[in-house]
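Participant: sequence plus predicted model, see below.
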Amino acid sequence: MDTTTTAPATGTGTATVQPADIKPLPLWYFGFEAVASGAYDLYKAFPQILWVLGALAVVNLVVSLTVLRPRLQLAKRLWRGKSTRKIAIGLLALRLGSHFVLALLGMSVVSTAGHLAFAAVMAAITGPLLWFAQRTALRALASEDARAAELAAREA
């Protein structure tokens, strides 16, 4: 995964932000989020897996507050962006809307295979989509920081 982001060219050149300046979330973190997005259907398929999902939620929380603690500022900046909120709302709408539409059609997901398929689709959509949103947001943040640095240099 390429973690170097390049801001658009400005009047003074191209600003490059190295991973030490803005550290993106690691790829494995999106695996946590993918499992979380499919958790409802995993539970519906196998109710006995609830303790495993609970343990994963605790691990996700602990990792977020310890290992990923230096990246909390990045997370705050990402959540201020419209695209991150749109993705979260879109995933929720996809989850609820697809179950609602299937129920209207009289084809509710009740089988283990159906719930597993739903969990796999939600996980397959969520992980890459959130990673892409992060990558796009990092580019925007790098561009924003470059513009702010350029304005500060002009004023000095």
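Facilitator: Looks like it came in fine. All values derive from a computational prediction rather than experimental measurement. Residues are numbered from 1 along each chain as shown.

Participant: so where is this structure shaky, pLDDT-wise?
Facilitator: Where the chain drops to pLDDT under 70, the residues are 1-22.

Participant: centroid-nearest residue for it?
Facilitator: The chain has residue 130 as the residue nearest its centroid, 3.0 Å off, counting by CA atoms, centre = their mean.

Participant: mind checking how far that one is from residue 93?
Facilitator: 16 Å (CB to CB, to the nearest Å). Every residue, glycine included, has its C-beta placed from N, CA and C.

Participant: point me to the helix or strand that includes the residue nearest to the centre of the chain.
Facilitator: Assessed by DSSP states H and E, residue 130 sits inside helix 112-155.

Participant: what does residue 107 give?
Facilitator: Using DSSP H and E, residue 107 is not contained in any helix or strand.

Participant: now it: phi and psi?
Facilitator: phi -120, psi 50 (degrees, to the nearest 10).

Participant: any idea how many residues pack against it?
Facilitator: 10 (other CB atoms under 10 Å).

Participant: ok, the residue nearest to the centre of the chain - contacts?
Facilitator: By CB atoms under 8 Å, 6 or more residues apart in numbering, the contact list for residue 130 reads 30, 33, 87.

Participant: so what secondary structure elements neighbour the helix or strand where residue 63 lies?
Facilitator: For residue 63, the host element (DSSP H and E) is helix 50-65. Helix 50-65 sits against helix 27-37, helix 39-45, with contacts defined as 3 or more CB pairs under 8 Å, 6 or more residues apart in numbering; DSSP states H and E.

Participant: would a markdown table of those helices with mean neighbour count and distance to residue 82 be doable?
Facilitator: As requested, those are exported to a markdown table (neighbours: other CB atoms under 10 Å; distance: least, CB to CB, whole Å):
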| stretch | mean neighbour count | distance to residue 82 |
| --- | --- | --- |
| helix 27-37 | 17 | 19 |
| helix 39-45 | 19 | 26 |
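
Participant: so which of the ones you listed comes closest to residue 146?
Facilitator: With CB to CB as the criterion, residue 146 lies closest to helix 27-37 of the helices and strands packed on helix 50-65, at 25.4 Å.

Participant: tell me what angle the closest one forms with helix 112-155.
Facilitator: 130 degrees (axes from the mean of the first three to the mean of the last three CA atoms, to 10 degrees).

Participant: need the CA coordinates for helix 27-37. PDB is fine.
Facilitator: Provided in PDB are the C-alpha atoms of helix 27-37 (Å, rounded to 0.1, in the frame of the first residue of the first chain):
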ATOM      1  CA  LEU A  27      -4.600  -2.000   6.300                       C
ATOM      2  CA  TRP A  28      -5.500  -4.500   9.000                       C
ATOM      3  CA  TYR A  29      -7.700  -2.000  10.700                       C
ATOM      4  CA  PHE A  30     -10.100  -2.000   7.800                       C
ATOM      5  CA  GLY A  31     -10.400  -5.800   8.400                       C
ATOM      6  CA  PHE A  32     -11.800  -5.000  11.800                       C
ATOM      7  CA  GLU A  33     -14.300  -2.600  10.200                       C
ATOM      8  CA  ALA A  34     -15.200  -5.100   7.500                       C
ATOM      9  CA  VAL A  35     -16.100  -7.700  10.100                       C
ATOM     10  CA  ALA A  36     -18.000  -5.100  12.100                       C
ATOM     11  CA  SER A  37     -20.100  -4.300   9.100                       C
END
